[in-house]
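Participant: I need the structure of the sequence given here:
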Amino acid sequence: MIEDELLKLRFKLGSEDALRRIYEKYLDYLLSVAMAFLNDAQASEDMVHDVFVTLAQSVDTFRVRGSLKAYLATCVANRARDRLREGKRHGDRLAADTRPAPQSEPPEDRLICDERAREVYAALAQLPDEQREAIVLRIKADLRFKQIAEIQNASYVAVQARYRRGLDQLRSLLNGRL
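Facilitator: Residues are numbered from 1 along each chain as shown. Reported below is the predicted structural model:
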């Protein structure tokens, strides 16, 4: 996307306005990616904030050859993976929380949407880490299998298999409603 290429260049040149625009453009997207991993609104907000703070501090070393969106999603995924590993070491269970739905929807639609989101996030949390990560990066982060394979340090075929097995398991956990 041309706008992203300009934003990357302006950011690299030290433009605070470029950083602000990147933040505004990708905040909601990154929060939804983080929520799909963590199932905890506050932890997701904190993590995305940390990603942007790190980005702001990296202006001197910032180099992104591909998509800015994919780069930021990868940063969130890596932090989420670290957070989940840390939680497992300490025996933490992630909360079944969700971000509030946009206020433009009727209240009953928000309730239904929130309930469905909670169900899906709870089911995602039950999947093995590699399957959950493949699904989230493919569906929420809109990354290609090749990109996911690089992130997971796995083969293209292995990532496709994780994705398919994870979707099958999700369907089972959600009683076929996926």
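Participant: Helices of the chain, start to end?
Facilitator: Using DSSP state H, the helices of the chain run over 2-12, 16-38, 41-57, 68-90, 107-126, 129-135, 145-152, 156-173.
Participant: in the fifth one, what counts as buried?
Facilitator: Spelled out, that is helix 107-126. A117, E119, V120, Y121, A123, L124, A125 (16 or more other Cβ atoms under 10 Å). Quick note: C-beta positions are derived from backbone N, CA and C, even for glycine.
Participant: ok, now the fourth one?
Facilitator: Going by neighbour count (16+ other Cβ under 10 Å), the buried part of helix 68-90 is 68-77, 79-81, 83-84.
Participant: and the helix or strand bottoming out on mean pLDDT in the chain, what other elements does it pack with?
Facilitator: Using mean pLDDT, DSSP states H and E, the weakest-scoring helix or strand in the chain turns out to be helix 107-126, at a mean of 76. With contacts taken as 3 or more Cβ pairs under 8 Å, 6 or more residues apart in numbering; DSSP states H and E, helix 107-126 sits against helix 16-38, helix 129-135, helix 156-173.
Participant: With K12 as the reference, measure out to the most centrally placed residue in the chain.
Facilitator: By Cα atoms, centre = their mean, the chain has its centre lying nearest to V33, at 2.2 Å. Per Cβ to Cβ, to the nearest Å, V33 is found 24 Å from K12.
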